[in-house]
Structures are given as C-alpha cells and as structure tokens.
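J.: starting from these lines, generate the structure:
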Amino acid sequence: MELIRAIRRRRMVRRFDPGRDVDEQTLTGLLGLAASAPSAGFSQGWDLIVLRTQEDRDAFWDSASGDRPPDAWRAGVRAAPVLVICCSSPAAYHSRYAEPDKGGRPAQEQDWPVPYWDVDTSMASLLVLLGATDAGLGSLFFGVPGPAHDAVRAAFDIPGERRIVGVIALGHEAERVRSPSLRRGRRALSDYAHDGRYAVPWPGGEGDR
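T.: Residues are numbered from 1 along each chain as shown. Presented below is the predicted three-dimensional model:
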C-alpha cells in the first residue's frame, strides 16, 4: 500500500475479532517501525511493552479500569489480541542533552517547554498505527486514565520514571463502528494552515473532509 493511501485509510478501530490473532512476524515488523521515528537529539526515548497473552491483557484491563463498570467500548477493545503500552523516558532526553555536543550541562525545566519525550513517543506510535493499516490490521490508540497510571506501572514493572503516553490495540476489525465525534467533519486545510501569518489562511485549501 502506498504511504498516502495508508494515511488516508488509517482509522481508529473499536471492535476487534477475538478469534483472529496477529502473527509474530507481522507484529515484530510493526514494532520495528518505531525505530524509524524522529526524536530530539536522536534520544529515542520510548519503550513499548507488548501484551500478547490473555493473562497479561486481563491484568492490563483490571489495572487500567479500576472500579469502572464495563461498557460497549471496553468490550470491543478488550477483544484485541495485542496491546502495546507506549512509554516515554524524560531521563533519556535530559541525559542526552547533557552530553558535550548538546551543551554539556544538566537540563533545566525551561529547556523543555514542550515534553519532546512524549512527542517523540507519539510519533513512534503513529508509525505502528500506519504500519498496521498497511498490513491490513485494525488499530487503536487510547489513553490510560490518570488515576490508573500507578496501577498499570505496578502490574508490568514499569519504572516510575517512565511516563505512560498511551496504548495501541492491534488486531483484525470485527465490526465497523463509526465514532459520533466524526460528525464534526475534518477541518479544511484553510482552517488549520496559515500562509505566513496566523490570520492568513492557506489559499484555496478546502482539504479532505
């Protein structure tokens, strides 16, 4: 599949087929795509914890859901045969930018007005999502509720220094469910692209709605 086609076809899947697995070779290839993501200072400060067994996936949902009652969203996503917890490492960036070619001094909070460890981990995650589309798989990126982060870390021995940026669900789509949010439509190119100044929209950019 061509890259542009994969980008346009990628969508968030919320219903997975529990009877169809993701073969190990395909999964390894998708995880390997993360290594091609850009990162500040080539710090590559991400870790991917891959949950493939029913026991591990149940442990994730138990720790991430807490006492929340089950709902249709969770039932559909819980059927995914693979979950990938995507973590970022602030320490990797602080250490990298303390090296001689990056200034040679300990990083200060003001040096990072944007947390690039999270940005770069998100970029790596997107490559996995696009790769899944290219491989004919369904995928979903979703977050872990804030109060559950410590429980998820404990369940999978994730160091406290690591930040849980999100989770990728991988598998085969069972049923297409259109998110109600899509009724909002896609923003036109002229709505988000600005020509030289914020107040000047990109000319003739209606975008792909």
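J.: could you look up the SS state of Pro38?
T.: coil (DSSP: H, G, I helix; E, B strand; the rest coil).
J.: what sits against the nearest residue to it once chain neighbours are set aside?
T.: Closest residue to Pro38 apart from its sequence neighbours, by CB to CB, 6 or more residues apart in numbering: Met123 at 6.0 Å. The C-beta positions use only the backbone N, C-alpha and C, and glycine is treated the same way. Residues near Met123 by CB atoms under 8 Å, 6 or more residues apart in numbering: Ala37, Pro38, Ser39.
J.: tell me the phi and psi of the residue nearest the centre of the chain?
T.: Centroid-nearest residue in the chain, with CA atoms, centre = their mean: Ser125, separated by 3.9 Å. With angles defined as degrees, to the nearest 10, Ser125 sits at phi -60, psi -40.
J.: for the protein, which strand is longest?
T.: The single longest strand within the chain, with elements called by DSSP state E, is strand 163-171.
J.: which other helices and strands contact it?
T.: strand 82-88, helix 116-134, strand 138-142, helix 149-155 (3 or more CB pairs under 8 Å, 6 or more residues apart in numbering; DSSP states H and E).
J.: closest one to Arg68 among the ones you listed?
T.: Closest to Arg68 of the helices and strands packed on strand 163-171 is helix 149-155 (CB to CB; 12.4 Å).
J.: quick one on the thing from earlier: which residues are in contact with the residue nearest to the centre of the chain?
T.: Ser125 neighbours (CB under 8 Å, 6+ apart): Ala34, Cys86, Phe141, Val165, Gly166, Ile168.
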